[in-house]
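>>> Output the structure for:
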Amino acid sequence: MNIEEIVDNFCLFDDWEDRYRYLIDLGGRLPPMPDELKTEETRVKGCMSQVWMVLEWNKDGRLSLLADSDAQIVRGLIAVLCAIFQTKTDGEVGK
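Sure, this is the predicted structure:
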């Protein structure tokens, strides 16, 4: 799902509870992050919930983002970040 689709879907909802449920649904669609990647090195410091994130540039010069959280709403926010940045080039990310 791309960010345009997510924005369009958000516009369909009139109240914040529906948008909240939609974010949680997006988080449920995230690919699982292997437990062995959930280390102190990949943990996002300063978050109230547990968040782990691995960012890599693949051989095609595109961003690969894998992340997880113990909080459902944060998983949804991660899904939005993935929709924005996944497979973008360095030049596209910096814009």
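>>> Which residue is the nearest non-sequential neighbour of the residue sitting nearest the centre point of the chain?
Taking Cα atoms, centre = their mean, the centroid of the chain lies closest to residue 78, which sits 2.1 Å from it. Distances taken as Cβ to Cβ, 6 or more residues apart in numbering put residue 67 closest to residue 78, at 4.6 Å, once the chain neighbours are dropped. For glycine as for every other residue, the C-beta is placed from the backbone atoms N, C-alpha and C.
>>> Please name the bridge partners of the one you found.
residue 53 (DSSP bridges).
>>> secondary structure class for the residue of the chain positioned farthest from its centre?
With Cα atoms, centre = their mean as the measure, the chain has its most outlying C-alpha, relative to the mean C-alpha position, at residue 14: 23.3 Å. Of the three states, residue 14 takes coil according to DSSP: H, G, I helix; E, B strand; the rest coil.
>>> low-confidence ranges in the chain?
Low-confidence segments of the chain, defined by pLDDT under 70, are located at 95.
>>> burial measure for residue 91, as a count.
Around residue 91 sit 8 other residues, with neighbours defined as other Cβ atoms under 10 Å.
>>> And it, which helix or strand is it part of?
When secondary structure is defined by DSSP states H and E, residue 91 falls within helix 90-93.
>>> check contacts around the nearest residue to residue 72 once chain neighbours are set aside.
Closest residue in space to residue 72, ignoring its immediate chain neighbours: residue 24 at 4.7 Å, by Cβ to Cβ, 6+ apart. Going by Cβ atoms under 8 Å, 6 or more residues apart in numbering, residue 24 touches 72-73, 75-76.
>>> can you map out the helices along the chain?
Listed in chain order, the helices found in the chain under DSSP state H are 3-12, 16-28, 72-85, 90-93.
>>> Can you say which of the ones you listed is packed in most?
With neighbours defined as mean count of other Cβ atoms under 10 Å, the helices of the chain peak in mean count at helix 72-85, which reaches a mean of 18.
>>> That one packs against which elements?
Secondary structure elements in contact with helix 72-85, counted by 3 or more Cβ pairs under 8 Å, 6 or more residues apart in numbering; DSSP states H and E, are helix 3-12, helix 16-28, strand 51-57, strand 63-69.
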